[in-house]
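Enquirer: What follows is a predicted protein model with its sequence.
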Amino acid sequence: MTITEKTAYLKGLLEGLNLDDNKPEGKLLKAVIETLDELANDLTDVADDVATLNDYVEELDEDLGDVEEFVYSDDECDCDCDDCDDEDDFECDGDCDNCDEDCDGFYEATCPHCGASVCFDGTCDPRDLICPSCQERFDCLDASADN
């Protein structure tokens, strides 16, 4: 039974008592029941508002998640392949053997010394590229890398 149903029940009980509204006891009980009824209605309105706000906050949370995914997805490659090495600013381009991710803007090259696949982004100068596996500098890297 809801609080508004309970106050309606109390109103019915009060009417069944046939109290005289001119006597102090009748006036008091009637005023108490009316006050309870108003409080019950206000409480119901507040509960409805809270439910509406809760729905709105959930929508905002979903939208914020979409924004975060959009903003941060360009900066990170979440693949678990061995070809990615975040410590040396090498990231996977999505073309390596173990990667299912598609990270645009990255290039993959094969180390001429050890044959390891090295991933790097467009901001890295290929002439300064050092293999994270064997720590050897690439002798010469064609600007069109193995993309």
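Expert: Done, it's in.
Enquirer: Do me a favour and get the backbone dihedrals for the most centrally placed residue in the chain.
Expert: Taking Cα atoms, centre = their mean, the centroid of the chain lies closest to G65, which sits 3.4 Å from it. Note on G65: its backbone torsions stand at phi -60, psi -40 [degrees, to the nearest 10].
Enquirer: Now do it against N54, distance only.
Expert: Distance check for G65 against N54: by Cβ to Cβ, to the nearest Å, it reads 17 Å. Using the backbone N, CA and C atoms, a C-beta is placed for each residue, glycine as well.
Enquirer: Same question for F138.
Expert: Counting by Cβ to Cβ, the gap from F138 to N54 is 56 Å.
Enquirer: could you pull out the strands for the protein?
Expert: Ranges of strands in the chain, per DSSP state E, are 106-110, 117-121.
Enquirer: most packed of these?
Expert: Per-stretch averages of neighbours, counted by mean count of other Cβ atoms under 10 Å, single out strand 117-121 among the strands of the chain, with a mean of 22.
Enquirer: so what's V118 up against?
Expert: D83, F90, E108, A109, T110, C111, L129, C131, P132, S133, F138 (Cβ atoms under 8 Å, 6 or more residues apart in numbering).
Enquirer: ok, 7 Å please
Expert: F90, A109, C111, L129, C131, P132 (Cβ atoms under 7 Å, 6 or more residues apart in numbering).
Enquirer: Just the buried residues of these.
Expert: Buried members of the contacts of V118, scored by 16 or more other Cβ atoms under 10 Å, are F90, A109, C111, L129, C131, P132.
Enquirer: Using TSV, lay out those together with distance to N41 and pLDDT.
Expert: Listed next are the buried ones among the contacts of V118 as TSV, based on distance: Cβ to Cβ, whole Å; pLDDT from 0 to 100:
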residue	distance to N41	pLDDT
F90	65	43
A109	72	78
C111	75	83
L129	72	77
C131	74	83
P132	69	83
